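Participant: Just to be clear, the model below is a prediction. Sequence and coordinates:
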Amino acid sequence: MSEGHKVAFVTGASSGIGRATAEAFIRAGYATALVDRDEALGKQAAEEFGALGECMFIACDVADDAAVESAVAQTVSAYSRIDAAFNGAGIDGEPAMTADYSLEGWDRIMSINLRGVWLCVRHEIRQMLRQGGGAIVNCASSAGLVGVGGLSAYVASKHGVVGVTRSAALEYVRSNIRVNAVCPGMIDTPMWQRSISPEMTEQLLANDPIGRLGQPIEIAEAVLWLCSPAASFVNGQALAVDGGFTVQ
Ligand SMILES: NC(=O)c1ccc[n+]([C@@H]2O[C@H](COP(=O)([O-])OP(=O)(O)OC[C@H]3O[C@@H](n4cnc5c(N)ncnc54)[C@H](O)[C@@H]3O)[C@@H](O)[C@H]2O)c1
């Protein structure tokens, strides 16, 4: 790698929002590590994006502390630093009423969406402290800001992501590390298409301010801005990118 390059570390990069964010970082000139547990899709994305700039795929389950530590180490070994990190890996889980939620389902969501984000943040911060700074964006959700019936585990995990973001932001800003969260609304990704039928989507959009799904690139643009020097005074925020959904 040439001197002076910027480096991005993106989890959930094999699909949807993470994939679009990895592509946006590469297009903006960042050498980018695409981190995901889905090797087939991740390798395919890295191969496609290789034409745009420097990137590589790293297989990693974000719920596994040693795997996250290794993914950060592999990125630093290849690209020498991590300037920007987007922690996008996440799952939605089965919908169920709060009293009926299964213990396994609850623990699975928490281990990936909340513990996984914390594990990524802590290894990213350790590296950023060594190199003298950086910027982190965690992927929360509108469900990190308001309740949603039938999704209490997901909602709790995403509120937790906002909490980790705020605490870490207070702890490390004087070490030149900013930590923010992005809170996407309803975004047209494979996760959305798997979970929500076209009929349900139509019903949800009928009562939505902007009346359309967001595109993954619209989240990626917010993440790139939050990681850029243009956002140098923005810290600890949970930025809703949701067409107005959470201000109704
Ligand atoms: N799509 C939406 O409407 C929406 C709205 C708000 C927030 N979000 C959040 O955005 C993020 C991305 O969602 P998406 O819609 O792009 O979903 P997606 O399913 O298209 O992509 C998620 C990616 O995360 C990866 N992943 C899941 N668990 C992992 C693990 N344990 N380790 C490593 N990688 C893992 C998957 O392999 C996949 O590539 C998630 O955190 C999700 O909760 C999505």
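Facilitator: Nice, I can see it.

Participant: residues making contact with the longest helix along the chain?
Facilitator: Longest helix in the chain, counting residues (DSSP state H): helix 152-172. Around helix 152-172, the neighbours that count as contacts under CB atoms under 8 Å, 6 or more residues apart in numbering are 90, 92-93, 98, 101, 105-106, 109-110, 113-114, 117-118, 121, 125, 128-129, 136, 138-141, 143-145, 147-148, 178-181, 183, 235-236, 238. For the C-beta atoms, the positions are set from N, CA and C on the backbone; glycine is no exception.

Participant: What subset of those residues is buried?
Facilitator: Taking 16 or more other CB atoms under 10 Å as the criterion, what is buried in those is 90, 92-93, 101, 105-106, 109-110, 113-114, 117-118, 121, 125, 128, 136, 138-141, 143-145, 178-181, 183, 235-236, 238.

Participant: Also near the ligand: which of those, exactly?
Facilitator: 90, 139, 141 (CB under 6 Å from any ligand atom).

Participant: ok, the second one - contacts?
Facilitator: Which is residue 139. The neighbours of residue 139, taking CB under 8 Å, 6+ apart as the test, are 12, 17-18, 86-90, 117, 161, 181-182, 184, 219.

Participant: Repeat the analysis, applying 7 Å as the threshold.
Facilitator: 17, 86-88, 90, 182 (CB atoms under 7 Å, 6 or more residues apart in numbering).

Participant: State the distance from it to residue 155.
Facilitator: As judged by CB to CB, to the nearest Å, residue 139 and residue 155 stand 14 Å apart.

Participant: now swap in the last one and tell me
Facilitator: Remark: distance between residue 141 and residue 155 (CB to CB) = 8 Å.

Participant: So what touches stretch 95-115?
Facilitator: 62-63, 89-91, 93-94, 150-154, 157-158, 160-161.

Participant: how near is the residue nearest the centre of the chain to residue 147?
Facilitator: Closest residue to the average C-alpha location of the chain: residue 88 at 2.0 Å, with CA atoms, centre = their mean. Between residue 88 and residue 147 the computed distance is 22 Å (CB to CB).

Participant: Please apply the same query to residue 173.
Facilitator: Using CB to CB, residue 173 is found at 29 Å from residue 147.

Participant: Residue 225 too?
Facilitator: Taking CB to CB, one finds residue 225 at 28 Å from residue 147.
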